[in-house]
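Q: What would the 3D arrangement of this be:
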Amino acid sequence: MSSPATDKTASPPGWTFVTNHAAVLLSIARDPEIRLRDVAERVGITERAAQRIVRDLVEEGYVERRRVGRRNVYSVVPNRQMRHRVVRHHQVGALLRVLAPYAV
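A: Model (predicted):
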């Protein structure tokens, strides 16, 4: 029997260091052609929540979306400043460089 610390099926804690917005952004950065259904599954949110988050990221200029045939292709705008006042002097690309090597 595995302990909660090693059991990957255990419920996550009540809070996390990485927000769903950051996890969606990271998923898009890793795979610009990812489907929102796959983003939702990877992040552990509903497809509707993934749609809302992507809309937020597009509206704020962190992600660009373009149609290619019937699919959307996304690109992260790495030189956008982060939003939180503590880190707003950093660009989102810096966050992605730190997290990308560890993302699943």
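Q: Tell me where the model's unsure across this structure.
A: 1-13, 103-104 (pLDDT under 70).
Q: so who does N20 touch?
A: V43, I45, A49, I53 (Cβ atoms under 8 Å, 6 or more residues apart in numbering). Bear in mind the C-beta positions are built from the backbone N, C-alpha and C, glycine included.
Q: give me the element N72 is part of.
A: Per DSSP states H and E: N72 is located in strand 71-76.
Q: Check which helices and strands the lengthiest helix in the chain is in contact with.
A: For the chain, the longest helix by residue count, based on DSSP state H, is helix 47-59. Judged by 3 or more Cβ pairs under 8 Å, 6 or more residues apart in numbering; DSSP states H and E, the packing partners of helix 47-59 are helix 20-30, helix 36-43, strand 63-68.
Q: ok so, going back, in the strand holding N72, what counts as buried?
A: For strand 71-76, a neighbour-count test (16 or more other Cβ atoms under 10 Å) marks N72, Y74, V76 as buried.
Q: partners of the last one in the sheet?
A: It stands for V76. V63 (DSSP bridges).
Q: quick one: it and D31 touch, right?
A: No. At 11.1 Å, V76 and D31 do not qualify as touching, with contact defined as Cβ atoms under 8 Å.
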